[in-house]
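In: Quick check, what structure comes out for this input:
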Amino acid sequence: MPRERELTDLLPKPGHLDITKWNEQLDKYYDFHGWDRETGWQKRSTLMDLGLPQVAWALWREDKLK
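Out: Next comes the predicted model:
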């Protein structure tokens, strides 16, 4: 996550970050890797595809997976 200063201070371009673009790119990154956009955790289906059903089960028990 970018620091608050990088979002609010008046920095000359290209140093200034646009939070909207940042969030769009973050959503694309999460989708590409099979992560949940809201939580940042891997999706159950991703863990299963990776052959990690035990991890999926453990995270589900901890209420980390949807």
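In: ok, now how distant is residue 62 from residue 43?
Out: Separation of residue 62 from residue 43 (CB to CB, to the nearest Å) stands at 15 Å. No exception for glycine: its C-beta is placed from N, CA and C like everyone else's.
In: Which one's more surrounded, the two?
Out: Neighbours were counted for residue 62 and for residue 43 using other CB atoms under 10 Å; residue 43 has more, 19 against 9.
In: What are the boundaries of the helices in this protein?
Out: Along the chain, counting by DSSP state H, helices occupy 4-8, 19-33, 44-49, 53-61.
In: Now for the closest residue to residue 53 other than its chain neighbours: which residues touch it?
Out: For residue 53, ignoring the flanking residues on the chain, the nearest one in space by CB to CB, 6 or more residues apart in numbering is residue 47 at 7.1 Å. By CB atoms under 8 Å, 6 or more residues apart in numbering, the contact set of residue 47 is 53, 55, 56, 59, 65.
In: Would you mind measuring from the first one to residue 44?
Out: Read it as residue 53. Distance of residue 53 to residue 44, computed by CB to CB: 9 Å.
In: Residue 29 too?
Out: Counting by CB to CB, the separation of residue 29 from residue 44 is 19 Å.
In: For the residue nearest the centre of the chain, list the residues it contacts.
Out: What sits nearest the mean C-alpha location of the chain, by CA atoms, centre = their mean, is residue 40, with 4.1 Å. Contacts for residue 40 (CB under 8 Å, 6+ apart) come out as residue 30.
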